[in-house]
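Engineer: build me a model:
(one chain, ligands or ions: 1)
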Amino acid sequence: MSLAIDVHGLVKRYGTRTVVDGFSLALEQGRICGFLGPNGSGKTTTLRMICGLLTPDSGGGTCLGHDLVRDREAIKRLTGYMTQRFGLYEDLTIRENLEFVGRVYGLDRLGERVDQSLERLGLTTRQGQLAGSLSGGWKQRLALAACVLHGPRLLLLDEPTAGVDPKARRAFWDEIHAYAADGITVLVSTHYMDEAERCHEIAYIAYGELMARGTAEDIIRQSGLSALVASGTGADRLASKLRYTPGVTAAAAFGTTLHVCGPDRAALERAVAPWRGDPAIVWRDAEPTLEDIFIHLMGRARDNAPGA
Ligand SMILES: Nc1ncnc2c1ncn2[C@@H]1O[C@H](COP(=O)(O)OP(=O)(O)OP(=O)(O)O)[C@@H](O)[C@H]1O
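Structural biologist: Just a heads-up that it's a prediction; the model follows:
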């Protein structure tokens, strides 16, 4: 299987700040890779380097077989990039928006392509409606359709479902999977854990550095974190007591249960020991969640950051 993205050692600096620091990624065609990391960790900057909009200060590689630095125009033609604030024209109709994007790309058979796109979206009967009248979820699906109108082989989606309701996010993700089934590769940034779980694989970046990479199962297995769940009277209230206890990476209440995790099993046991004997609380071993792991990695990255 050939690689859609094969980049190594990407560095981007703004002034004296290194915002992407030696980023490498190999991604096979047709895969969906979730790109996660705290705010300001360099995801957008990395996406822009991969699609040829920004030149890395060092590092390089290929995107869809084209050199990242020398063949930027070819990469741009083969890539669909959905920015965080995708600019649909709210005072144009759904159809006019797609036609406008098609003209910008100078596409042939424009009417046919727009018809197909509308049909795929299920918006044929609403094509004359103003884009501004669509719900947030539909706007994002229309934005995605506009991104793929020119037939890209790679989609770079920057937080495409931020603020979109769960049903619409699910529909958006069904669409992403349908494109991947057609052989399109997708790199999608998100802060939602349920979306991370819908990806074939995940890349987690913090403070410009790649911290974890693989399938959700790989990342959970390799995390080395231990987790416990407590249920029973008052279990959820232990979260605030345990959160800052040595040995605990994260402690959070989920409804009436408590979820607590840490990198060292013995230290975690010591932290919860005062409540282990409470007959009202039942403890059980659990798998760490992706959220546990990302919070842990964020703390580790911050500890390693210069001047931390
Ligand atoms: N043109 C620029 N000039 C200076 N600093 C910049 C520029 N673009 C981005 N940055 C900084 O680089 C860092 C990384 O930003 P980037 O937008 O890539 O992060 P991100 O992971 O996409 O964040 P978010 O999850 O909030 O969207 C941030 O601290 C940002 O302020």
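Engineer: please name the nearest non-neighbouring residue to R237.
Structural biologist: A253 (7.5 Å; CB to CB, 6 or more residues apart in numbering). C-beta here means a position set from N, CA and C on the backbone, and glycine is covered the same way.
Engineer: give me the contact list for the strand or helix carrying that neighbour.
Structural biologist: Secondary structure from DSSP states H and E places A253 in strand 250-254. With contact meaning CB atoms under 8 Å, 6 or more residues apart in numbering, strand 250-254 is reached by 236-240, 242-243, 245, 258-261, 291-292, 295-296.
Engineer: let's see 10 Å
Structural biologist: Residues from elsewhere that reach strand 250-254 (CB atoms under 10 Å, 6 or more residues apart in numbering): 225, 227-231, 235-245, 258-262, 271-272, 288-289, 291-296, 299.
Engineer: what's the answer for stretch 6-19, then?
Structural biologist: 20-28, 40-42, 44-46, 48-50, 54-65, 68, 207-210, 306.
Engineer: alongside the ligand, which residues does the stretch 1-150 of the chain contribute?
Structural biologist: Neighbours of the ligand within the stretch 1-150 of the chain, by CB under 6 Å from any ligand atom: Y14, V19, G37, N39, G40, S41, G42, K43, T44, T45.
Engineer: check which element follows the host helix or strand of the last one along the chain.
Structural biologist: When secondary structure is defined using DSSP H and E, the element that contains T45 is helix 43-50. Sequence order places strand 58-63 as the next helix or strand after helix 43-50, per DSSP H and E.
Engineer: mind checking which of the contacts of strand 250-254 are buried?
Structural biologist: With burial judged by 16 or more other CB atoms under 10 Å, the buried subset of these is 225, 227-231, 235-236, 238-239, 242, 245, 258-262, 271-272, 288-289, 292-296.
Engineer: show the contacting residues for G299.
Structural biologist: So G299 contacts A206, T249, A250, P263 (CB under 10 Å, 6+ apart).
Engineer: tabulate the residues you listed (CSV), appending distance to the ligand and neighbour count.
Structural biologist: Formatted as CSV, the contacts of G299 follow (distance: CB to the nearest ligand atom, whole Å; neighbours: other CB atoms under 10 Å):
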residue, distance to the ligand, neighbour count
A206, 9, 23
T249, 21, 23
A250, 20, 22
P263, 24, 17
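Engineer: show me the protein divided up by domain.
Structural biologist: Domain ranges of the chain: 3-214, 224-304, per automatic domain parsing.
Engineer: can you give me the offset of the last one from its chain's centre?
Structural biologist: Average the C-alpha atoms of domain 224-304, do the same for its chain, and the two points are 25 Å apart (CA atoms, centre = their mean, to the nearest Å).
Engineer: what mean pLDDT does it have?
Structural biologist: Per-residue pLDDT over domain 224-304 has a mean of 92.
Engineer: one more: stretch 171-181?
Structural biologist: 95.
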